[in-house]
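In: could you work out the structure for the sequence below:
(chains A, B, C and D)
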2 protein chains.
Amino acid sequence: MGRETPSVAGIRPRERIIAAARELFHRHGIRGVGVDTIADAAGTNKMTLYRHFGSKDDLILAYVKTIAAEGEVMWQEIARDHPADPQAQLEDWLARAEGCVSEDGRGCDLANAAVELTEADHPARRLIEQLKTDHRNRLAALCHAAGVAQSEELADALTLLLEGARVCRMTAGRKGPSAEFMHTARSIIQSFKAKPKAKRK
Amino acid sequence: MGRETPSVAGIRPRERIIAAARELFHRHGIRGVGVDTIADAAGTNKMTLYRHFGSKDDLILAYVKTIAAEGEVMWQEIARDHPADPQAQLEDWLARAEGCVSEDGRGCDLANAAVELTEADHPARRLIEQLKTDHRNRLAALCHAAGVAQSEELADALTLLLEGARVCRMTAGRKGPSAEFMHTARSIIQSFKAKPKAKRK
DNA sequence: AACGCATGTTACCGATCGGTAACATTGAGG
DNA sequence: CCTCAATGTTACCGATCGGTAACATGCGTT
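Out: So this is what the prediction gives:
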């Protein structure tokens, strides 16, 4: 055993580089970290970094893709842990959202990347847009499955609350408006559930 | 008249520099613009910039203060245009908020600055925190004056929605969740107006 | 043992960064 | 007119940036 066949992408330095970039980008921002710093933090060097990622922009894209993969895992866990129980799934989403809000006050890595990647045609920006749209749509599907009539509107509202809470946690501190995220989200969900229109058949 | 007395701080290059920094920081981010570029855009040079602002961080602080001053003007206009009519004032705030959301998709300059200024003790960061807290408190006072019982909670909810809408406008595009900001905000205001102190029975 | 590939090491490149020194120019007020 | 402060101009500094070339080393495979 020991090492993988060369046909499979090498796992060792590449993963470490992405992990190091993930933490450094999160803490200091994308433009606040140089590739040399990332390579050092990954226990490797700049040349190896550039052999795996042709440019810093490529590394940024891989960084965003890594976050996307974790999001995918999240949705799968939500579905797996509460099979055929969309109500519990929505509750799980809410708990994870609250976790994101009260994490460390550095906001959402995807949103922060969008702030720093000011070129509108940056590939990572397009991916971020797709990821954010995906998240909203899956949340809307979850709301629909949970029996909410106006599931799209509820998903939009919850998305706004979550994104707002994460940025408020960063700009206004722990005791700011983000502290009310859970209460507000719950009461909005309740108000949507109370509303009429065709419920399930 | 020509020029001002030297005792008064010179207004000409300084204002132009701040104006240029305002636009460039907004479009390309703080770390994405060099002081030389700002000086050029202001029709002056780097030396003059450094005579008015001892460092780029000083300029950043002045940039945030300028945004703060505009916010102050906004609140004064809201109060002046609808004297003794908090309902109309809240409506005015809502309209201006909607204007912010659908502006140009670059998000909130204050929030973006907080993303880029990763050093927690940066003076501009502390000012941003104070400004965001101020905004929330004034909005809460407005809600209270408008007869909303749980004015603090409503202000928090509206703040979350607004901040979320601005970041969603940036990350998910014009047709994303931010498009529902107005509807959601209005319906939340209504739901708060509907229930008095005690929760709904 | 010999090969080959991934990785490590060192040095370097041009560009740009924030910031400064020295000097020339301007223009208003005494 | 002369003074003086603000501004403009040029050149420069050390540091860091993203990115590359050339070469050395390790190590698994055959």
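
In: mind saving the C-alpha coords of stretch A:78-91 as PDB?
Out: Written as PDB, here are the backbone C-alpha positions of stretch A:78-91 (Å, rounded to 0.1, in the frame of the first residue of the first chain):
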ATOM      1  CA  ILE A  78     -29.400  16.700   6.400                       C
ATOM      2  CA  ALA A  79     -31.300  14.300   4.100                       C
ATOM      3  CA  ARG A  80     -29.600  11.200   5.700                       C
ATOM      4  CA  ASP A  81     -30.200  12.100   9.300                       C
ATOM      5  CA  HIS A  82     -33.900  12.800   8.900                       C
ATOM      6  CA  PRO A  83     -35.200  10.500   6.200                       C
ATOM      7  CA  ALA A  84     -38.600  11.400   4.900                       C
ATOM      8  CA  ASP A  85     -39.000  14.100   7.500                       C
ATOM      9  CA  PRO A  86     -38.700  17.500   5.900                       C
ATOM     10  CA  GLN A  87     -39.800  19.300   9.000                       C
ATOM     11  CA  ALA A  88     -36.800  17.900  10.900                       C
ATOM     12  CA  GLN A  89     -34.600  18.600   7.900                       C
ATOM     13  CA  LEU A  90     -35.600  22.200   8.000                       C
ATOM     14  CA  GLU A  91     -35.000  22.300  11.700                       C
END
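
In: buried stuff in it?
Out: For stretch A:78-91, a neighbour-count test (16 or more other Cβ atoms under 10 Å in any protein chain shown) marks A:78-79, A:82, A:86, A:89-91 as buried. (Glycine included, C-beta is placed from N, CA and C.)

In: also stretch A:91-98?
Out: Across stretch A:91-98, burial judged by 16+ other Cβ under 10 Å covers A:91-94, A:97-98.

In: coming back round to it: pull the most distant pair out of the buried residues of stretch A:78-91.
Out: A:Ala79 and A:Glu91 (13.3 Å; Cβ to Cβ).

In: and the closest residue to chain B within chain A, how many neighbours?
Out: Residue nearest to chain B within chain A: A:Gly164 (3.0 Å; Cβ to the nearest Cβ). For A:Gly164, the neighbour count with other Cβ atoms under 10 Å in any protein chain shown is 29.

In: nearest residue to it other than its sequence neighbours?
Out: B:Gly164 (3.0 Å; Cβ to Cβ, 6 or more residues apart in numbering or on different chains).

In: can you check A:Ile17 too?
Out: In space, A:Ile17 is closest to A:Ala42, 4.4 Å off (Cβ to Cβ, 6+ apart).

In: just A:Leu127 next, same as before
Out: Nearest-residue entry for A:Leu127: A:Val64, 5.3 Å, with adjacent residues in sequence omitted and distances by Cβ to Cβ, 6+ apart.

In: just checking, what packs against the strand or helix carrying the one you found?
Out: For A:Val64, the enclosing helix or strand under DSSP states H and E is helix A:56-81. Helix A:56-81 is packed against helix A:12-28, helix A:35-41, helix A:86-101, helix A:109-116, helix A:123-145, with contacts defined by 3 or more Cβ pairs under 8 Å, 6 or more residues apart in numbering or on different chains; DSSP states H and E.

In: let me have those helices in JSON lines, extended by mean pLDDT.
Out: Listed next are the helices and strands packed on helix A:56-81 as JSON lines, based on pLDDT from 0 to 100:
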{"stretch": "helix A:12-28", "mean pLDDT": "96"}
{"stretch": "helix A:35-41", "mean pLDDT": "97"}
{"stretch": "helix A:86-101", "mean pLDDT": "98"}
{"stretch": "helix A:109-116", "mean pLDDT": "98"}
{"stretch": "helix A:123-145", "mean pLDDT": "98"}
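
In: burial of the closest residue to DNA strand D within chain A, as a residue count?
Out: Closest approach between chain A and DNA strand D, counting by Cβ to the nearest atom of the strand: A:Gly34, at 2.9 Å. Residues within reach of A:Gly34, counting by other Cβ under 10 Å, total 13.

In: distance of it relative to B:Lys56?
Out: Separation of A:Gly34 from B:Lys56 (Cβ to Cβ, to the nearest Å) stands at 18 Å.

In: do the same with A:Leu142
Out: 45 Å.

In: give me the more crowded residue out of the two.
Out: For A:Leu142 versus B:Lys56, the count of surrounding residues by other Cβ under 10 Å is larger for A:Leu142: 23 against 17.

In: next, the contact list for that one, please.
Out: A:78, A:86, A:89-90, A:93, A:155 (Cβ atoms under 8 Å, 6 or more residues apart in numbering or on different chains).

In: taking helix A:151-171 as reference, get the angle to whatever helix or strand the residue nearest to A:Gly164 lives in.
Out: B:Gly164 is part of helix B:151-171 when elements are defined by DSSP H and E. On the basis of axes from the mean of the first three to the mean of the last three Cα atoms, to 10 degrees, helix B:151-171 is oriented at 100 degrees to helix A:151-171.

In: from the contact counts, what lies against helix B:151-171?
Out: Looks like helix B:151-171 contacts helix A:109-116, helix A:123-145, helix A:151-171, helix A:181-194, helix B:86-101, helix B:109-116, helix B:123-145, helix B:181-194 (3+ Cβ pairs under 8 Å, 6+ apart).

In: what's in contact with stretch A:170-186?
Out: So stretch A:170-186 is contacted by A:94, A:97-98, A:101-102, A:105-107, A:158, A:161-162, A:164-166, A:168-169, B:110-111, B:114-115, B:128-129, B:132-133, B:136, B:153, B:155-157, B:159-160, B:163 (Cβ under 8 Å, 6+ apart).
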